[in-house]
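Just the structure for this:
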Amino acid sequence: MTQQPMLKYCGNQSLQDVVISLRSKATHIGLIFTPESKRKVSVYEAESWFRELGDQIKGKKIVGVFVNSTIDAIKEAVNRLPIDIIQCHGNESAEDLLFLKKQIKKPVWKAIHHGDHAIELMRSYQGIASGFVIDTKVQHAWGGSGQSFNWAAVPDYLEEAARQGALCFIAGGIHADNVEKLLHFEPAGIDIASGIETNAKKDRSKIKMIERKVTEHDSAT
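From the prediction side, this is the model:
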């Protein structure tokens with residue numbers, strides 16, 4: 001029996017979304033704080049949700065997703081919200097991440113777009129990023145495209161992350177109809193947004209379908 005992958009449900013846009021994610025088998029819950037994202041939320045909105053939820057968030061890691069944000073913007077979010085991990089999803093350099101880690105004192109993940117130079121780029125963050133999110137590269141968008149990449153490359157990403165002692169989540173176009181194919185590659189983590197949504201809202205039934213397939217795969221291997 002293999003170890004089940006970590007599950008990150010990202011792009012929560014409302015209190016109801018967060019509640020649904022909290023009641024799931026997700027290990028990580030993501031909120032996006034970049035104005036350009038279609039799943040963006042404000043720090044003030046999220047603050048009211050977490051105030052209402054109180055101790056219900058225990059046992060889940062809260063991931064704040066930022067794209068080329070200023071240190072001040074990230075600091076404000078970290079100071080006001082129970083964020084456990086910072087995910088940088090833009091073109092932030094290794095130097096940017098190192099400075100951020102020193103200022104924020106939280107684990108920092110880096111999103112890497114699948115491509116010919118992705119492994120080389122991962123290596124440039126060695127010792128700085130404690131996790132990677134491998135996503136699909138789409139023109140004019142940093143992520144959230146709902147499109148998958150060629151998962152034959154997944155073992156290479158997992159190997160590089162493991163070599164660095166970092167986590168590795170696979171993102172991009174993952175849903176109940178294709179997650180079994182991804183599970184064949186034994187990803188350490190799976191990052192899902194659109195694949196667990198209906199009409200831009202988190203969908204309990206889609207989440208249960210994903211989780212059932214993850215459990216079935218785990219039992220069969």
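
Got phi/psi on the closest residue to residue 98 other than its chain neighbours?
Nearest residue to residue 98 in three dimensions, chain neighbours excluded: residue 128, at 5.2 Å (CB to CB, 6 or more residues apart in numbering). Where you see a C-beta, it was placed from the backbone N, CA and C, and this is true even at glycine. Dihedral angles of residue 128 (phi, psi; degrees, to the nearest 10) stand at phi -110, psi -60.

Which residues are in contact with residue 128?
Residues near residue 128 by CB atoms under 8 Å, 6 or more residues apart in numbering: 94, 97, 98, 101, 108, 110.

So among those, which ones count as buried?
94, 97, 101, 108, 110 (16 or more other CB atoms under 10 Å).

What is the burial count for residue 150?
Neighbour count for residue 150, taken as other CB atoms under 10 Å: 8.

So it sits against residue 116, correct?
No. Under the criterion of CB atoms under 8 Å, residue 150 makes no contact with residue 116, lying 11.6 Å away.

How about the residue in the protein that sits furthest from its center?
Largest separation from the mean C-alpha position in the chain: residue 220, at 26.1 Å (CA atoms, centre = their mean).

distance of it from residue 184?
11 Å (CB to CB, to the nearest Å).

Residue 96 is in what secondary structure piece?
Using DSSP states H and E, residue 96 sits within helix 94-104.

just checking, what packs against that helix?
Packed against helix 94-104 by the contact rule (3 or more CB pairs under 8 Å, 6 or more residues apart in numbering; DSSP states H and E) you find helix 71-80, strand 85-88, strand 108-113.

now the helix or strand containing residue 46 and helix 71-80, what's the angle there?
Secondary structure from DSSP H and E places residue 46 in helix 43-53. Relative orientation of helix 43-53 versus helix 71-80 (axes from the mean of the first three to the mean of the last three CA atoms, to 10 degrees): 10 degrees.
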